[in-house]
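**Q** please work out how this folds:
(chains A, B, C and D)
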Protein chains: 2
Amino acid sequence: MKDQKEIIREANELKIMEAAELVFAQFGFKGATTDKIAKQAELPKANIHYYYKTKANLYQCVLTRILKEWIEAAEVFDNYDEPKIALTKYVESKMNYSRCRPYASKVWANEIIHGAPIVGAFLETTLKKWLEDRVEIIKGWIASNKIRKIDPTAFIYMIWSVTQHYADFEKQIEILNQGKEYSDEEFKLMTDQVTQFVLAGAGL
Amino acid sequence: MKDQKEIIREANELKIMEAAELVFAQFGFKGATTDKIAKQAELPKANIHYYYKTKANLYQCVLTRILKEWIEAAEVFDNYDEPKIALTKYVESKMNYSRCRPYASKVWANEIIHGAPIVGAFLETTLKKWLEDRVEIIKGWIASNKIRKIDPTAFIYMIWSVTQHYADFEKQIEILNQGKEYSDEEFKLMTDQVTQFVLAGAGL
DNA sequence: GTCTATACGTTGATAGAC
DNA sequence: GTCTATCAACGTATAGAC
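**A** Numbering: from 1, shown residues only, chains lettered A, B, ... in the order given. I've put the predicted structure just below:
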């Protein structure tokens, strides 16, 4: 049974986290001030510190949430035996994430660009394991002649980079698209193109 | 004829710029302090302000240099009529830039992620024009059945994202490569893979 | 749990001696 | 052109009233 305070706490924590994700994405860790986050969350600055002891702590929480979602999106890869379906679904899942959570993707990119000081440990363990397992799956596809002979790691990097580009370089893409954000239709077309490139890369 | 002071000036400006590029890449604009840049350049902090009036000014100079190099690398695209050669050379040029100037690439990525406040104007003019011209070239290739029917813009985004990934996500790649940076041989193999993916994307 | 006022550290920038 | 000392501004974090 949740009491009143707990409900308020959870609601405020989420509100702050979403505001923080936006501000961290736009200004980086240092550039994001608690004041900006507070204004975005429509709360006084002191409340941010009440819910999250320090700015660094809040940043960690934001990254942890992104990481959890990253893993969920990656699960799609394993739900289908046929490479064509598995790859199509994975690209779709990654593109959908770029579309719906661009700020999350940007915070992540920012963290890696700056040397992964916080998520480094995760990369060494969970992500490394995930990659190794997926490399084995792809090697299996190659061995059974289902796809072309490729370097599995390079192939996965290709999928990551192309899909994440639509979130991280959103602003550049918008400017190059006559200053207009992609409509749902336009984004769907790009998703189809990315899917084709990935499948072509695998010889499918 | 350059006098002594001019020579000293140019040498120091370059030293500061290179130090700044590194520090901006590692910490972002806000996170990069003039003190860090000074230490990296092995100069007292005040000298930074002597050569570059403000931190923002120094940042602009760093971006301008990157931009100039970006344009030079892009010229390769036009030096060959045959799509297979042009694309191979362009990928090679971009991968080489990621290899030799990873900090430059990171500063650029950072700038775009944060909404391109400084280079926005360049994107709207020079880059937009460059993209439109290249789109026409690619359309020509499609019309003459030299490559598969693809969306030229999506295709160029693919080239940019895959190649830049090796600079911007360097740290992630290093961690996933048993904590070791790629050797020249390993990087060459990845360049070949990326080239294959790009050519395959074009149906070549 | 909310919020105002404030202490304390950091940092961009400058003054002024060399 | 170099460098030490210093200041003003800003930003994190907290104290304490409500």
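**Q** report the secondary structure state of the spatially most central residue of chain A.
**A** Centroid-nearest residue in chain A: A:S105, 3.9 Å away (criterion: CA atoms, centre = their mean). Here A:S105 is recorded as helix under DSSP: H, G, I helix; E, B strand; the rest coil.
**Q** check contacts around it.
**A** Going by CB atoms under 8 Å, 6 or more residues apart in numbering or on different chains, A:S105 touches A:97-98, A:164, A:167-168. Any C-beta I mention is one placed from the backbone N, CA and C, and that applies to glycine too.
**Q** now distance to DNA strand C and secondary structure too, for the residues you listed, in CSV please.
**A** Formatted as CSV, those follow (distance: CB to the nearest atom of the strand, whole Å; DSSP: H, G, I helix; E, B strand; the rest coil):
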residue, distance to DNA strand C, secondary structure
A:Y97, 31, helix
A:S98, 32, helix
A:Q164, 29, helix
A:A167, 28, helix
A:D168, 25, helix
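**Q** all helices for chain A, in order.
**A** A:4-31, A:34-41, A:45-51, A:55-74, A:83-100, A:102-113, A:120-122, A:128-143, A:152-168, A:170-176, A:184-201 (DSSP state H).
**Q** the closest residue to the residue nearest to the centre of chain A other than its chain neighbours: neighbour count?
**A** Excluding the flanking residues, the one nearest A:S105 by CB to CB, 6 or more residues apart in numbering or on different chains is A:A167, at 3.5 Å. Burial measure for A:A167: 24 neighbouring residues, criterion other CB atoms under 10 Å in any protein chain shown.
**Q** mind giving me the domain split of chain A?
**A** A:4-52, A:64-201 (automatic domain parsing).
**Q** is it true that the residue nearest to A:S105 touches A:K106?
**A** Yes. Applying CB atoms under 8 Å as the test, A:A167 and A:K106 come out as touching, 6.4 Å apart.
**Q** overlap of the contact sets of the two?
**A** Joint contacts of A:A167 and A:K106 (CB under 8 Å, 6+ apart) do not exist.
**Q** export the contacts of A:S105 to JSON lines and append columns for pLDDT and distance to B:K149.
**A** JSON lines is the format used below for the contacts of A:S105 (pLDDT from 0 to 100; distance: CB to CB, whole Å):
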{"residue": "A:Y97", "pLDDT": "98", "distance to B:K149": "28"}
{"residue": "A:S98", "pLDDT": "98", "distance to B:K149": "24"}
{"residue": "A:Q164", "pLDDT": "98", "distance to B:K149": "26"}
{"residue": "A:A167", "pLDDT": "99", "distance to B:K149": "27"}
{"residue": "A:D168", "pLDDT": "98", "distance to B:K149": "28"}
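**Q** show me what contacts A:K149?
**A** A:I142.
**Q** near DNA strand D, which residues of chain A? Just list them.
**A** Residues of chain A lying close to DNA strand D (CB under 7 Å from any atom of the strand) are A:32-35, A:45-46, A:49, A:53-56.
**Q** ok, now with 6 Å
**A** A:33-35, A:45-46, A:49, A:53-55 (CB under 6 Å from any atom of the strand).
**Q** make CSV from those residues and add distance to A:L127, neighbour count and pLDDT to it.
**A** As requested, those are exported to CSV (distance: CB to CB, whole Å; neighbours: other CB atoms under 10 Å in any protein chain shown; pLDDT from 0 to 100):
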residue, distance to A:L127, neighbour count, pLDDT
A:T33, 30, 14, 98
A:T34, 30, 19, 98
A:D35, 34, 12, 98
A:K45, 35, 15, 97
A:A46, 36, 9, 97
A:H49, 31, 15, 97
A:K53, 27, 9, 97
A:T54, 26, 11, 98
A:K55, 25, 18, 98
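**Q** just give the closest residue to A:K2, not the sequence neighbours.
**A** Nearest residue to A:K2 in three dimensions, chain neighbours excluded: A:E10, at 7.9 Å (CB to CB, 6+ apart).
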